[in-house]
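Participant: Can you look at this prediction? I've put the sequence above it.
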Amino acid sequence: EEACQALCNIAAGAGAQADARKQAAVDVGALPLVVAAMRAHLASAGAQEQACMALFSLIRCAEGAHGNAHLQAAVAAGASPQIVAAMRAHVANAAVQEQAWWTLVNITSGVNVQGR
């Protein structure tokens, strides 16, 4: 849970500096590690919420090329089915549902949702 929160902090913000931090995290394998954490800690609502936030933050880029590459990397890491698994495991948890929904919107729309 705390590791995913740390990734959210790294990926916070917008613009070139934030995109560079996101790219560095993606380059060292953050996306598949977040998905693996989701698999390993499916019963933890807090871990699922933070993991969804981390995925959302890492794939949300101002620069189109980075954002598309990050979207593709998230899909390749198995993010979508794992997000759905989190939603199923925590149906009554509004925070998990909201974070998962926003992340799925970002992944499935093929564009970065900036209005959040």
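Facilitator: Cool, the structure landed.
Participant: okay, CA-based contacts and neighbour counts for the rest of this
Facilitator: Fine.
Participant: where do the helices sit along the protein?
Facilitator: 2-10, 16-27, 30-40, 45-59, 64-76, 79-89, 94-109 (DSSP state H).
Participant: who does the shortest one touch, helix- and strand-wise?
Facilitator: Looking back up the chat, that one is helix 2-10. Counting contacts by 3 or more C-alpha pairs under 8 Å, 6 or more residues apart in numbering; DSSP states H and E, helix 2-10 packs against helix 16-27, helix 45-59.
Participant: List the buried residues of that helix.
Facilitator: Neighbour-count burial for helix 2-10, counted by 16 or more other C-alpha atoms under 10 Å, picks out Cys4, Gln5, Leu7, Cys8, Ile10.
Participant: Tell me what angle it forms with helix 30-40.
Facilitator: Interaxial angle, helix 2-10 versus helix 30-40 (axes from the mean of the first three to the mean of the last three C-alpha atoms, to 10 degrees): 150 degrees.
Participant: Need the contact partners of helix 2-10.
Facilitator: Ala18, Arg21, Lys22, Ala25, Val34, Ala47, Gln50, Ala51, Met53, Ala54, Ser57, Leu58 (C-alpha atoms under 8 Å, 6 or more residues apart in numbering).
Participant: got a pLDDT number for the last one?
Facilitator: By that I understand Leu58. Leu58 is assigned 89 on the pLDDT scale.
Participant: Tell me how many other residues crowd it.
Facilitator: For Leu58, the neighbour count with other C-alpha atoms under 10 Å is 29.
Participant: how far away is it from Ala43?
Facilitator: Applying C-alpha to C-alpha, to the nearest Å, the value for Leu58 to Ala43 is 23 Å.
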